[in-house]
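Undergrad: requesting a structural model of the entry that follows:
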Amino acid sequence: MSLSHPFSCILSEPWILTALTPGLPGAAGSLIVFSLISASQDDSAVSCSALCITEHRGGPPQVPQPRHSTELLLVQHSNASPSHSRSPAQKREVASRVPSEGLTRANFMVKILTKKKEYKDIFGGNGYADDSQPSGYCGPGNQLGSCHMQAGMSPLYSHPWKSPWYMNNAEASYDFSSNDPYPYPRYTDDWFNSHGTRCAGEVSAAANNNICGVGVAYGSKVAGIRMLDQPFMTDIIEASSISHMPQLIDIYSASWGPTDNGKTVDGPRELTLQAMADGVNKGRGGKGSIYVWASGDGGSYDDCNCDGYASSMWTISINSAINDGRTALYDESCSSTLASTFSNGRKRNPEAGVATTDLYGNCTLRHSGTSAAAPEAAGVFALALEANLGLTWRDMQHLTVLTSKRNQLHDEVHQWRRNGVGLEFNHLFGYGVLDAGAMVKMAKDWKTVPERFHCVGGSVQDPEKIPTTGKLVLTLTTDACEGKENFVRYLEHVQAVVTVNATRRGDLNINMTSPMGTKSILLSRRPRDDDAKVGFDKWPFMTTHTWGEDARGTWTLELGFVGSAPQKGVLKEWTLMLHGTQSAPYIDQVVRDYQSKLAMSKKEELEEELGEAVQRSLKSILGKD
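TA: Model (predicted):
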């Protein structure tokens, strides 16, 4: 396909990776990766510096009681700046997910692609794919592709080693900064402008290119969306970008979010929230757009539950692990992270990062951060969609929970724990590192999970003081709307919508414990957050750690202060939001490995089946006698 304006450009900062899937006309599906940038225009490139969105929400949102599986805007983030736009100088609001000073990297091997072989080549040397793609899945046969949403993308001709499908999806590309179909980047010698190009290569760099790394879905198409290269960012531009061409784009992978400075609390505004809701409700022909988000690079000073994008139940939040299985120094912990992929290491080696495409047709060995982790996950999800185009956005989250592996992942601070149904989780790694082979294998025979429902489990509206020492402990006992149309029996996501003020917000610690005893750290200490005025206003802290548990029973919320100086605070509101299914989510799935997470999650069902089989056998034996 010849293009008068080569736009196989990878948007520098905010951009979209598009993983096109089979069965749809033209470019059947997409994966979009967002990253942020600000810069002046140039005919050939785009720059990325953090631009922000500050549309004021207005009055308090209404919280309707939903009855069916349609995703509703039950809660809108209220921690927004009152200004209506963000200048590039307001970098604290939105930034790309690349760690800054003190970054160290170490070469590592990609294990998410196969259990049989470790490919050092994907992060340096002569990249190739060979049998690294599980069961031969790589994207081209099903027109998988990626669209990167940032401030610009490197032209196709500068990357001859990209696959023939690279940037071959003109229909799904657009420049929202200048309102034209050519999302050119601006070339500069900093990482901002190369950010989108690098993320795109992780997904779709060609196999056997003899130059650089191999993309996870190396046969994928790539489209570009330029959105952040203007003096300010608005809710309208952001919403338009993440909802662009939902009939062609399947996966939106975002490597940007509120600045990871340890003191920002921010998230999508009304239009962007509505765009996300429409995406999961209507995208991909009703199966739902898949949003992949980098969890953040604020390290131990930040908490990704303060990022309304990464902590949304409509996104799959991805953290990173380093070469030796430990957490990266920039990794943020939170209860909303679902899984992890590999990014870079801690050793003082300038070439110890992810090898991928770069500006000027170059290959970089220094791509890193959760910005690098999210596109890898997007590529894995593209392979899963190639195996089963019928997967819904919720199916992808269930597959992520069931096939991610702990392996040798080690967290020096947070222990690995098991929830009420036996699923192992961690506040940094989520449910483990992605296993592409296992996910593709399970995806092939996957049956869509049952309908999803939403229940307001209860609320506390009377103000309660948080003691200077000790903790404020509150409980809510709920039947999870049992007996009603929106009864939630098996949990997926749980939200604690909290309004709270404190003399120092950064010292506030919030934990929530489920009826089955699973403790989620909703908010950890953020030592750089000195806020004493705004607090959290109807902020939806989210946890995935109670996945599969029974929602009924008593929930406990604990609030206290962690720090050297005494603090005071008031909890004004706590609303418990339950999201999940009425029937067992895996009732239609076939268990092939009785040591698997799937078997563990179906323990009760399998025990019932075993009991019934024993009874039948006894009856048969007794009948013969």
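Undergrad: which parts of the stretch 201-350 of the chain are strands?
TA: Under the criterion DSSP state E, counting those that start in this stretch, the stretch 201-350 of the chain contains strands at 221-226, 251-254, 256-257, 290-294, 315-321, 339-342.
Undergrad: let me know which of the ones you listed is the nearest to residue 592.
TA: The minimum distance between residue 592 and the strands of the stretch 201-350 of the chain falls on strand 339-342, with 21.3 Å, by C-beta to C-beta. Backbone N, C-alpha and C define where each C-beta goes, glycine included.
Undergrad: mean confidence score for that closest one?
TA: Per-residue pLDDT over strand 339-342 has a mean of 94.
Undergrad: which strands and helices lie in contact with it?
TA: Under the contact criterion of 3 or more C-beta pairs under 8 Å, 6 or more residues apart in numbering; DSSP states H and E, strand 339-342 touches strand 315-321, helix 370-387.
Undergrad: which residue packs closest to residue 306, ignoring adjacent ones?
TA: Excluding the flanking residues, the one nearest residue 306 by C-beta to C-beta, 6 or more residues apart in numbering is residue 265, at 4.6 Å.
Undergrad: show me where this structure has helices.
TA: Along the chain, counting by DSSP state H, helices occupy 191-204, 235-242, 270-282, 370-387, 393-403, 436-444, 597-601, 603-624.
Undergrad: got JSON lines for the strands of the stretch 201-350 of the chain, with distance to residue 542 and mean neighbour count too?
TA: Compiled in JSON lines, those are given as follows (distance: least, C-beta to C-beta, whole Å; neighbours: other C-beta atoms under 10 Å):
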{"stretch": "strand 221-226", "distance to residue 542": "26", "mean neighbour count": "37"}
{"stretch": "strand 251-254", "distance to residue 542": "16", "mean neighbour count": "36"}
{"stretch": "strand 256-257", "distance to residue 542": "14", "mean neighbour count": "34"}
{"stretch": "strand 290-294", "distance to residue 542": "12", "mean neighbour count": "32"}
{"stretch": "strand 315-321", "distance to residue 542": "9", "mean neighbour count": "31"}
{"stretch": "strand 339-342", "distance to residue 542": "15", "mean neighbour count": "28"}
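Undergrad: need the helices and strands packed on strand 339-342 in CSV with mean pLDDT and distance to residue 419, can you?
TA: Supplementary listing: the helices and strands packed on strand 339-342 in CSV, determined by pLDDT from 0 to 100; distance: least, C-beta to C-beta, whole Å:
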stretch, mean pLDDT, distance to residue 419
strand 315-321, 96, 17
helix 370-387, 94, 22
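Undergrad: looking at those, which is nearest to residue 581?
TA: It's strand 315-321; of the helices and strands packed on strand 339-342, that one is closest to residue 581 (C-beta to C-beta) at 18.2 Å.
Undergrad: now the closest one and helix 270-282, what's the angle there?
TA: Taking axes from the mean of the first three to the mean of the last three C-alpha atoms, to 10 degrees, strand 315-321 and helix 270-282 form an angle of 100 degrees between their directions.
Undergrad: please name every helix or strand in contact with strand 315-321.
TA: If you count contacts as 3+ C-beta pairs under 8 Å, 6+ apart, strand 315-321 packs onto strand 290-294, strand 339-342, helix 370-387, helix 393-403.
Undergrad: so which of those gets nearest residue 528?
TA: helix 370-387 (18.6 Å).
Undergrad: what angle do that closest one and helix 436-444 make?
TA: Using the same axes, to 10 degrees, the inter-axis angle of helix 370-387 relative to helix 436-444 is 40 degrees.
Undergrad: quick one, what contacts residue 305?
TA: 311, 334-336, 522-523, 541-542 (C-beta atoms under 8 Å, 6 or more residues apart in numbering).
Undergrad: including pLDDT and distance to residue 594, could those residues go into TSV?
TA: Output for those, formatted as TSV (pLDDT from 0 to 100; distance: C-beta to C-beta, whole Å):
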residue	pLDDT	distance to residue 594
311	98	34
334	96	32
335	98	29
336	98	30
522	99	34
523	99	38
541	99	36
542	99	32
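Undergrad: how many residues are close by residue 240?
TA: Other residues within reach of residue 240 by the criterion other C-beta atoms under 10 Å amount to 17.
Undergrad: wait, it sits on residue 176?
TA: Yes. At 6.0 Å, residue 240 and residue 176 qualify as touching, with contact defined as C-beta atoms under 8 Å.
Undergrad: which neighbours do those two have in common?
TA: Shared contacts of residue 240 and residue 176 (C-beta under 8 Å, 6+ apart): residue 227.
Undergrad: on that earlier part again, from the contacts of residue 305, which would you call buried?
TA: In the contacts of residue 305, burial by neighbour count holds for 311, 334-336, 522-523, 541-542, counting by 16 or more other C-beta atoms under 10 Å.
Undergrad: for residue 602, state which of the residues you listed is nearest.
TA: Closest approach to residue 602 among these (C-beta to C-beta): residue 335, at 24.2 Å.
Undergrad: go ahead and confirm the closest one touches residue 427.
TA: Yes. Shown here, residue 335 and residue 427 form a contact pair, counting by C-beta under 8 Å, at 6.3 Å.
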